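[1] Have a look; sequence and predicted model below, questions after that.
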Amino acid sequence: MITQPAAFTVRLTVAPSPSPAAPPRFQVGPVTRAQRRIARLGGRRRRPTRYTPAWQAAFVGLLRDGNFRSTASRATGIGVRTTRWWLQCGRAGVPPFQDLLVAVETAEAEAEWQMMGYITTQMPTRPGLALALLASRFPERFSPRVFRGST
């Protein structure tokens with residue numbers, strides 16, 4: 001499950017007050033560099049994005065086929081850091097990238113489901129697949145170290 005980081009935090013700064021009786025001012029706003037960049041997305045000056053629905057369809061299709069995010073982004077002509085940034089914007093709730101995040105998570109879940117279906121159908125004839133699956137899901141009981149230590 002993906003946890004969403006807090007988009008904004010409160011930072012206390014004591015500014016020189018005009019009179020001694022005035023309370024200190026609080027600044028509410030982004031703290032990290034990424035949060036500041038996300039907050040500026042609505043600004044006037046920025047270059048056009050290379051994110052398009054056609055790119056998203058190609059990227060999600062490659063993920064659905066079982067490729068890694070980095071491989072899919074390179075294959076579609078977008079840098080890995082740019083793709084990570086777009087997904088981070090999606091976690092922060094920026095509208096066009098929020099749809100990308102949902103599509104990516106759905107495609108990765110579908111790819112995992114297809115791979116698990118293939119593995120489970122092959123288990124009766126190839127018991128090594130069953131052992132590898134058990135070792136990945138329950139390493140404390142089925143890892144190769146446990147079997148080496150018991151003999």
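    Perfect, thanks for sending it.

[2] All the helices of this protein, in order from the start?
    With DSSP state H as the criterion, the chain has helices at 33-39, 53-64, 69-75, 80-92, 95-122, 127-137, 139-142, 144-150.

[3] buried residues in the second one?
    Right, helix 53-64. Burial within helix 53-64, assessed by neighbour count using 16 or more other C-beta atoms under 10 Å, is assigned to W55, Q56, A58, F59, V60, L62, L63, R64. In short, each C-beta sits where N, CA and C put it, glycine included.

[4] what about the nearest residue to L133 once chain neighbours are set aside, distance to L131?
    Nearest residue to L133 in three dimensions, chain neighbours excluded: I119, at 6.1 Å (C-beta to C-beta, 6 or more residues apart in numbering). Noted for I119: a distance of 11 Å to L131, by C-beta to C-beta, to the nearest Å.

[5] Could you find the residue nearest the spatial middle of the protein?
    By C-alpha atoms, centre = their mean, the chain has its centre lying nearest to L87, at 5.6 Å.

[6] Contact partners for the nearest residue to that one once chain neighbours are set aside?
    Once flanking residues are discounted, L87 sits nearest to L101: 5.6 Å by C-beta to C-beta, 6+ apart. Counting by C-beta atoms under 8 Å, 6 or more residues apart in numbering, L101 makes contact with L87, G90, R91.
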